[in-house]
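[1] just coords:
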Ligand SMILES: O=c1ccn([C@H]2C[C@H](O)[C@@H](COP(=O)(O)OP(=O)(O)OP(=O)(O)O)O2)c(=O)[nH]1
């Protein structure tokens with residue numbers, strides 16, 4: 001396999017029981033699991049949201065982004081997902097990565113220290129330049145969208 005892209009990671013606070021660094025849980029997994037760097041427990045009531053600290057800051061190389069994505073198991077089993085999925089971590093962001101969890105179920109959800117709350121996918125970014133025009137090139141679809149092709 002090609003050598004991996006190296007991404008710098010910094011722990012933003014010390015803790016007597018540090019969490020493991022994110023890792024790929026299977027050989028070809030796309031995402032690195034992000035853990036809740038909280039003390040003890042925190043209950044998310046139905047429809048409550050929370051910026052969950054991960055304890056980590058990243059130094060992504062220029063030309064890359066971090067996508068913070070939901071974990072499907074949490075979503076399916078507990079109705080807990082991300083408000084802003086996918087969250088975007090910019091390559092020039094040096095603050096703590098946070099996970100914007102929301103509890104969309106009708107039951108309280110208990111979050112514990114070290115729980116894996118989201119996954120981080122690092123992806124290349126295409127940076128574009130905009131060219132303003134009066135007329136765009138014609139296509140068969142034109143302005144049709146929003147279900148125009150039927151169900
Ligand atoms: O789920 C997320 C989304 C963003 N961020 C951090 C990294 C990102 O680089 C920064 C800004 O995010 P974004 O651009 O989405 O937020 P904004 O509301 O547009 O804020 P800003 O005006 O600071 O760009 O916040 C996270 O830690 N988690």
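    Happy to help now that I have it. These numbers come from a predicted model, not from an experiment.

[2] rest of the way, CA atoms for contacts and neighbours
    Will do.

[3] tell me what the longest strand belonging to the chain is packed against?
    Identified as the longest strand of the chain according to DSSP state E is strand 49-59. Strand 49-59 makes packing contacts with strand 8-11, strand 96-103 when contacts are defined by 3 or more CA pairs under 8 Å, 6 or more residues apart in numbering; DSSP states H and E.

[4] so which of the ones you listed is the most packed in?
    Among the helices and strands packed on strand 49-59, ranked by average contacts under mean count of other CA atoms under 10 Å, first place goes to strand 96-103 (a mean of 22).

[5] C-terminal to that strand, what's the next element?
    strand 109-112 (DSSP states H and E).

[6] Please state the mean pLDDT value computed over the helix or strand just after that following strand.
    Sequence-wise, the next helix or strand downstream of strand 109-112 (DSSP H and E) is strand 116-124. The pLDDT scores in strand 116-124 average 98.

[7] Outside of strand 116-124 itself, list whatever touches it.
    For strand 116-124, the external contacting residues (CA atoms under 8 Å, 6 or more residues apart in numbering) are 30-36, 63-71, 74, 99, 101.

[8] residue contacts, residue 45?
    Contacts of residue 45 by CA under 8 Å, 6+ apart are 103, 107, 108, 109.

[9] The residues you listed also near the ligand: which ones?
    Filtering those for proximity to the ligand (criterion: CA under 6 Å from any ligand atom) leaves nothing.

[10] Any of the residues you listed buried? List them.
    103, 109 (16 or more other CA atoms under 10 Å).

[11] just the contacts of residue 45 now: which is nearest the ligand?
    For the contacts of residue 45, the residue nearest the ligand by CA to the nearest ligand atom is residue 103; the value is 15.3 Å.

[12] Nearest residue to the closest one in space, please, no chain neighbours.
    residue 80 (4.5 Å; CA to CA, 6 or more residues apart in numbering).

[13] ok, the one you found to residue 51 distance?
    Distance of residue 80 to residue 51, computed by CA to CA, to the nearest Å: 13 Å.

[14] and if you look at residue 96?
    11 Å.

[15] And residue 145, by the same measure?
    Counting by CA to CA, the gap from residue 145 to residue 51 is 34 Å.

[16] Neighbour count: residue 80 and residue 51, which is higher?
    residue 80 (25 against 14; other CA atoms under 10 Å).
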